Each structure stands twice: as C-alpha cells, then as structure tokens.
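Participant: how does the following fold in three dimensions:
(one chain, ligands or ions: 2)
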Amino acid sequence: IFPPELRFAFLKFFNRIFHLFSSYCYFDITEIDGVNTNELYNAVQLYLSSSVSIAGNRLSLTRAVNSSSITFGLSNNDSIVDTFNNVTVLWEHVVTQRQTQTFAWRPLPEEKRGFTLRIKKRDKALILSSYLDYIMERANEIRRKNQDRLLYTNSRGGSLDSRGHPWESVPFKHPSTFETLAMDPVKKQQIMDDLKDFAEGQMFYQKTGRAWKRGYLLYGPPGTGKSSMIAAMANHLGYDIYDLELTEVHSNSELRKLLMKTSSKSIIVIEDIDCSINLTNRKKNSNATTQRSYYDMETRLGTGSGEESGNGGNTITLSGLLNFTDGLWSCCGSERIFVFTTNHIDKLDPALLRSGRMDMHIHMSYCDFPSLKILLKNYLGYEEEDVDDDVLKEMERVVEKAEMTPADVSEALIKNRRDKDRAVRELLEDVKSRGDGNVKDGNVKDGKLRGQSGNLTELEILEEEEKRAIDSQNEEEDSDEEEIEVEDNICKD
Ligand SMILES: Nc1ncnc2c1ncn2[C@@H]1O[C@H](COP(=O)(O)OP(=O)(O)OP(=O)(O)O)[C@@H](O)[C@H]1O
Ligand SMILES: [Mg+2]
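Facilitator: Ligands and ions are numbered 1, 2, ... in the order given. Below is the predicted model:
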C-alpha cells in the first residue's frame, strides 16, 4: 500500500530509534570494500577459525593454496561469541545475494559477505582498537602457521618473473629439526636460546637502536650438518628461506634489489661463501694501488661509488656483500637472519669474521659421542640403555678420533636399518678401524688430536680464528707487495 520511498524512510527512522535506545553498537566488516579486498575481513575469518572449530555445529571448511592444513569458518549467517579482556562480543557472518550487476570493471562475487561485530556501547572505547590489533596479529600468526613455508632461489640469473619478482619459490618441506640434529646438546641449546631471544626481541632491538637482524656463520667439514642446521632453524622459527646463489648475481646493485624483495621473518642463506665469491676481486676492482684498499671501498660504498668499478660492474665485491649484511640496506624490512656457510673458515676474509659482522660463529664438528647417541636414536630408535654398555664405551673411546662426519655415520646406519644389531656392530667396526687407524697414522695437529677440535672451548676457537685471520692478512699484504713490485718492474721495462 505504501510507496517504496516511504517504506524505506520509515525503516530508516525505525532503525535510528532502535539504535538510539539499544545498548549495543555494530560494526560491519565487508569482504570487499569498494573495489579492494578488505584485509580485516580475511583476518577476522582466520581469527575466528581458531575458536569456531570447537564451538560450532555447522562450519565451513577451506584449504588455501600453498597450505597443507584446513581452516574452519563460520557458516553463512551463523554467529559466535568471543571474549577479549573479560568483555564479551558477538560476531555474525552475514551473507546476502548481490544485486545483478549491469556493468563493472571487475566482476564482483555473487554473494555479499561480511562480518558484523556487536559490542556493548559501554565497552566500545575500552577494547575496540586493541581488539582489532589483536585480531590482526593473531591472524598473521595463524596464517604463517597454516601456510607452508617457502624456499626462494635467485637461480633465474637476474631476470624477473611476470610480477617483477627476482626470486623463484617452491614449498619448503625439509624435515630437519633441532631434535634430529646431531650435535653437542649444550651448543644446540645455546643456538636455540639465541634464536628465541632474537625472535622475541623486537623491543630489545628497538630500545638499543639496532636493526632487527642476526648473522650466523656455520663452518666445518662437508657432511657435518650445516645445511641441516639451516633447515632446522627455519622449521624452528617458522621462517621462509632465501637461498642466495651469489654466482648468479652480477652486480652490487642487483644484490641490493634482491635484498629489497625479501620478506621479513626470513633466513637469507649464502652457502659455501668462500667458493661463491672470489674474494680477490676487491684487489682488481680497487686497481691494486694501495694495500687493504677494500676497507676504503667499504666506506666508499655508502655513496655507491665503490661499486661497478673495475670490471665494468659485472662482479659483486666483498664490500657489496658486507653492505648487504650490515650496511644501511640490510635493515630494509625486519626480523631477518643471515646465515653464511663455509667448509674453510681460514679462507674467509678477516673483514667478514670481524666481530659484529656475524653475531655467532658455529663450528659444526665431526661426530662426537653425544651426536652419535642422537643418530642412534634417530635411525634405529635406540635409547642409550638399548645398546650394550661395552659397545657404548668402546664407541665413546674412539668416535672422536675416527673423524667421521654425522653424514658418514648416518650412511652406515641407514644401510643396515632393518637389522639394528648388525647396524650397531658394523658402525662400531667402522668407527674403530678409522679411529685406531688415525691414531697410528699420528694424525696430530697443533698438539691436539684433530678429531678433538670440536671440543675446543669457545675462547680457543676464537683465538684460532684470529690467528688464521692475521696470518691470511699478512700473506695478503705480502702478495700485494709482490704484485706492486712486479708492476714496478713492468713499468721500468
Ligand atoms: N649434525 C647432523 N645431524 C643429523 N644429520 C646430519 C648431520 N650432519 C649431517 N647429517 C646428514 O648428512 C646429510 C648431509 O648433511 P648436510 O647437507 O647438512 O651437510 P653440510 O655440512 O651442509 O655439507 P656441505 O658442506 O657439503 O654442504 C644430511 O642429509 C643429514 O641427513
Ligand atoms: Mg650444505
């Protein structure tokens, strides 16, 4: 009977009166806000997914791309009660049919979805902003936990993909964890604590004015678990990994671009750093006129004039790399870990080893007795009491002298994993023959058995590193002098 305009005006008026006397206020969070997707809608959906799974009778289930877990969601027009800081709120998932569109730049979904949040008026000021912040934070956490982590690589050699990204990614599913990693338990705990402090240290880094990043240098012979350690770190923290192939990077500016395209909460890895960057570059690049001129370059890099000199911009330099890890550029983004690995720490440039560059130097050593016990447990399911006492004692006596890497031991155990007793027997024979052989050969270095180097104290390791660094620097200075002499001779000729 009433014309539609009048009906609409009446409803509006009625609504106003209702809201005036209602003790609640309502907030609509629509899926699409104008033409853009509303980030808050997705966040609320994820946030509620953690609480609806137990509460609801009828739920919607989804599995996102790149995720191996299923998320629960509120069904259409269903509601759920949530509490935050002792305040109770109600969430309703509202789904309505959208009117048919005549024309749109971007076709919109047929259904109009949104969440309505109902809060008591008196609680609004109390919680609204902190509640929404909390939801965003929790949603990010859940997203990270649900989503498979990614392993990125720059192996495309500087070219970009269709979205202008220099990194290519695959899902990262390495099973290595700190539990399966065979190494000294004390050292392992130190590393885990360090990672934990880092991940929870946002306030600390802000307070001390430091960029929120940390560097680890893993060194040791091949097969001692350096790559496994990186995977364990990523699994422990839930970070993505960027595996930087330095040989594919052609200039310092390309390196910088790659860094800019990494996300926070990630580990940036450069494996075999001694092989992937020719550290003698810096001499050529700096025209070899002065000794130690790479230090000048390091300072000059701030202005950008140090790069792309010498070889026509076709090589990256040590200073470019250092700038990448601890210059101004290293802190674009936050919460990032740099990991370098090398088999020969003595080949590294002292500038890389200098304190403050790599925060922690971790020596991955040959298999020692605690590591051996971890491997026995991993591969055979043997606890200490499952193995004969005499066998254990014998293993303890010779394992360090044998200089076997955890990879060697793993191989020996995998080979016979169906016959566990045989696996232990053969491993013992192997360890004994290598260990006793090494002692007979007089495999002694610096007054210590080499196999014991894994047991050096931190201080001793640092002293050793320093000595090597100074030696290599002296060598380098000598060779620089020689180079200059040769050049002089050429000039005279
Ligand atoms: N500490 C360890 N704990 C458990 N497994 C290990 C350990 N070290 C090595 N392994 C085993 O040996 C294999 C090779 O180890 P990994 O690739 O981590 O060695 P690496 O130190 O990175 O060697 P490289 O220097 O050649 O890169 C791994 O797949 C793993 O199964
Ligand atoms: Mg490796």
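Participant: near ligand 1, which residues of the protein?
Facilitator: Residues of the chain lying close to ligand 1 (Cβ under 6 Å from any ligand atom) are 180-183, 222-228, 343, 364, 406-407, 410. C-betas here are computed from N, CA, C, even on glycine.
Participant: tell me which two in these are the farthest apart.
Facilitator: Thr180 and Asn343 (22.1 Å; Cβ to Cβ).
Participant: what about the stretch 251-400 of the chain, any weak spots by pLDDT?
Facilitator: Within the stretch 251-400 of the chain, the segments meeting pLDDT under 70 span 277-314, 330-333.
Participant: OK, now which residue of it is nearest to ligand 1?
Facilitator: Across the stretch 251-400 of the chain, no residue is closer to ligand 1 than Asn343, which sits at 5.2 Å (Cβ to the nearest ligand atom).
Participant: residues near that residue, how many?
Facilitator: Residues contacting Asn343 under the criterion other Cβ atoms under 10 Å number 17.
Participant: same question for Val269.
Facilitator: 27.
Participant: do the same with Gln190
Facilitator: 14.
Participant: what's the answer for the one 3 residues further on, then?
Facilitator: Taking other Cβ under 10 Å as the criterion, the count of residues near Asp193 is 10.
Participant: same question for Phe27.
Facilitator: 14.
Participant: what's the answer for the one 10 residues further on, then?
Facilitator: Applying other Cβ under 10 Å, we find 10 other residues in the vicinity of Thr37.
Participant: report pLDDT for it.
Facilitator: Among the per-residue scores, Thr37 shows a pLDDT of 74.
Participant: please name the nearest non-neighbouring residue to it.
Facilitator: Glu31 (7.1 Å; Cβ to Cβ, 6 or more residues apart in numbering).
Participant: ok, back up a step: now, which of the residues of the chain next to ligand 1 sits nearest Glu429?
Facilitator: Ser410 (16.6 Å).
Participant: which residue packs closest to that closest one, ignoring adjacent ones?
Facilitator: Leaving aside its sequence neighbours, Ser410 sits nearest to Leu375 (Cβ to Cβ, 6+ apart; 6.1 Å).
Participant: next, the buried residues of the helix or strand hosting that neighbour.
Facilitator: If you go by DSSP states H and E, Leu375 is part of helix 369-380. For helix 369-380, the buried set under the neighbour-count rule, 16 or more other Cβ atoms under 10 Å, comprises 370-380.
Participant: tell me which strands and helices that helix is in contact with?
Facilitator: Contacts defined by 3 or more Cβ pairs under 8 Å, 6 or more residues apart in numbering; DSSP states H and E place helix 369-380 against helix 389-402, helix 406-415, helix 420-440.
Participant: and for it, what are the contacting residues?
Facilitator: Residues outside helix 369-380 that contact it (Cβ atoms under 8 Å, 6 or more residues apart in numbering): 180-185, 367, 382-384, 387, 395-396, 399-400, 406, 409-410, 413-414, 417, 420, 423-424.
Participant: the stretch 51-200 of the chain: helices as residue ranges?
Facilitator: With helices called from DSSP state H, counting those that start in this stretch, the stretch 51-200 of the chain shows them at 121-146, 185-199.
Participant: quick check: mean pLDDT across the longest one?
Facilitator: By that I understand helix 121-146. Averaging pLDDT along helix 121-146 yields 85.
Participant: tell me the gap between stretch 404-416 and the middle of its chain.
Facilitator: Relative to the centre of its chain, stretch 404-416 is centred 28 Å away, using Cα atoms, centre = their mean, to the nearest Å.
Participant: buried ones in that stretch?
Facilitator: When burial is assessed from 16+ other Cβ under 10 Å, stretch 404-416 yields the following buried residues: 404-410, 412-413, 416.
Participant: ok, is it in contact with ligand 2 or not?
Facilitator: No. Stretch 404-416 does not reach ligand 2 (Cβ under 5 Å from the ion); its nearest approach is 9.8 Å.
Participant: can you show me the CA trace of that stretch as PDB?
Facilitator: Extracted C-alpha coordinates of stretch 404-416, given in PDB (Å, rounded to 0.1, in the frame of the first residue of the first chain):
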ATOM      1  CA  MET A 404      83.600 -39.400  10.900                       C
ATOM      2  CA  THR A 405      81.000 -36.800  10.000                       C
ATOM      3  CA  PRO A 406      77.400 -37.200  11.000                       C
ATOM      4  CA  ALA A 407      76.700 -37.900   7.300                       C
ATOM      5  CA  ASP A 408      79.100 -40.900   7.400                       C
ATOM      6  CA  VAL A 409      77.500 -42.300  10.500                       C
ATOM      7  CA  SER A 410      74.000 -41.700   9.100                       C
ATOM      8  CA  GLU A 411      75.000 -43.600   5.900                       C
ATOM      9  CA  ALA A 412      76.300 -46.600   8.000                       C
ATOM     10  CA  LEU A 413      73.100 -46.700  10.000                       C
ATOM     11  CA  ILE A 414      70.700 -46.400   7.000                       C
ATOM     12  CA  LYS A 415      72.500 -49.200   5.200                       C
ATOM     13  CA  ASN A 416      71.500 -51.700   7.900                       C
END
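Participant: what does it contact?
Facilitator: By Cβ under 8 Å, 6+ apart, the list of residues contacting stretch 404-416 from outside reads 182-183, 221-225, 366-367, 371-372, 375-376, 379-380, 422-423, 426-427, 430-431, 434.
Participant: what's the spacing between the residue of the stretch 1-150 of the chain found nearest ligand 2 and His236?
Facilitator: Of all residues in the stretch 1-150 of the chain, Arg149 sits closest to ligand 2, at 18.6 Å by Cβ to the ion. Separation of Arg149 from His236 (Cβ to Cβ, to the nearest Å): 11 Å.
Participant: those two: who's more crowded?
Facilitator: For Arg149 versus His236, neighbours defined as other Cβ under 10 Å are more numerous around Arg149 (21 against 18).
Participant: skipping adjacent residues, who's closest to that one in space?
Facilitator: Nearest to Arg149 is Phe172, by Cβ to Cβ, 6+ apart, at 4.6 Å.
Participant: since that was my last question, I'll sign off now.
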